[in-house]
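Q: A structural model of the following input is requested.
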Amino acid sequence: MLRKNSLFSKSQAGAKANAMYLSFIESAKANQLDPKAYLNYLFTELPERGQNPDLVDLEAYLPWNVKPEALKQEPK
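A: Next up, the predicted model:
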């Protein structure tokens, strides 16, 4: 899937961004998580953790560390 989608990227940066996006989706699927719910979880939780990435424990947000129950929480 990545190879076909990368054909439509207009730049190397776009292809790299596309590859990262698809990696998140496929990693979520491999860990029995709903990809849409997982991405929504990331996009709502990570900005609240602050601007300094050194202060965020990103390991906790990897798909194999996220419990499916965390994805079913109501939006804040």
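
Q: Give the next helix or strand downstream of the helix or strand harbouring residue 26.
A: Using DSSP states H and E, residue 26 falls within helix 12-30. Remark: after helix 12-30, the chain's next helix or strand is helix 35-45, criterion DSSP H and E.

Q: what's the neighbour count on residue 67?
A: Other residues near residue 67 number 8, with proximity taken as other CB atoms under 10 Å. To be clear about C-beta, it is placed using only N, CA and C from the backbone, and glycine gets the same treatment.

Q: Distance of it relative to residue 19?
A: According to CB to CB, to the nearest Å, residue 67 stands 27 Å off from residue 19.

Q: same deal with residue 71?
A: According to CB to CB, residue 71 stands 23 Å off from residue 19.

Q: Which of these two has more residues huddled nearby?
A: Taking other CB under 10 Å, residue 71 and residue 19 do not tie; residue 71 has more neighbours (17 against 13).

Q: Can you tell me how far the closest residue to the more buried one other than its chain neighbours is from residue 43?
A: Spatial nearest neighbour of residue 71, excluding adjacent residues (CB to CB, 6 or more residues apart in numbering): residue 37 at 4.1 Å. Distance, residue 37 to residue 43, using CB to CB: 11 Å.

Q: who has more neighbours, those two?
A: Neighbour count, other CB under 10 Å: between residue 37 and residue 43, residue 37 has more, with 16 against 9.

Q: Which pLDDT value belongs to that one?
A: pLDDT recorded at residue 37 is 94.

Q: Who's the closest spatial neighbour of residue 31, skipping the chain neighbours?
A: The shortest distance from residue 31 to any non-neighbouring residue, by CB to CB, 6+ apart, is to residue 63 (4.1 Å).

Q: The one you found contacts residue 35, correct?
A: No - contact criterion CB atoms under 8 Å: residue 63 and residue 35 do not qualify, at 9.3 Å.

Q: what touches both of these two?
A: 24, 28 (CB atoms under 8 Å, 6 or more residues apart in numbering).
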